[in-house]
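Chemist: Predicted model and sequence follow; I will ask about them next.
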Amino acid sequence: MRIVIDTNVMVSAAFFGGAPKEVLSLWLDAGKVDVAVSPAIIDEYRRILSAFDLRHGGDIAEPLVQAIVAHAVVVDPVGKETYSRDPDDDKFIHCAQSANAVYIVSGDKDLLTLKNVDDIRIVTAREFLNEFAR
């Protein structure tokens, strides 16, 4: 199963744990899901994770980004449609469409209010884990 992970879930996984970390573990540790990213998503991960590193005195960002690049399916999305109230979030939808992903895992209300785009379900980390366990 292929998924796209929103930046806020990646940050939560790296710095706070909980359900987001479990989602990341399904991918990086267990290999039970595939994660798709685009160059724009990788850039956003790097920028936001680095900012959290600065605030929290860590050095998590670059090793995590390198692991993402090494293990993710990188796609070059072609979509230009606007779906979200925040057009910056559309990169996750375009990536999911181009990668034939089943889920976008997010904590972003602008994405979560959409619930579905095409056949892609947009869910929280906890919702994804509950559905994955079925």
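Modeler: That came in fine, so what should we check first?

Chemist: for the protein, which spans come out with low pLDDT?
Modeler: The chain contains residues with pLDDT under 70 at 134.

Chemist: part of a strand, is I3?
Modeler: Yes. Assessed by DSSP: H, G, I helix; E, B strand; the rest coil, I3 belongs to a strand.

Chemist: For it, list each beta-bridge partner.
Modeler: With DSSP bridges applied, I3 shows beta-bridge pairing to V35, Y103.

Chemist: now stretch 77-87, how far from the chain's geometric center?
Modeler: Relative to its chain's centre, stretch 77-87 lies at 16 Å (CA atoms, centre = their mean, to the nearest Å).

Chemist: how far does that stretch stretch from start to finish?
Modeler: This stretch, stretch 77-87, spans 15 Å end to end (CA to CA, to the nearest Å).

Chemist: Go through that stretch and flag the buried ones.
Modeler: Judged by neighbour count (16 or more other CB atoms under 10 Å), stretch 77-87 contains these buried residues: P77, Y83, S84. Using the backbone N, CA and C atoms, a C-beta is placed for each residue, glycine as well.
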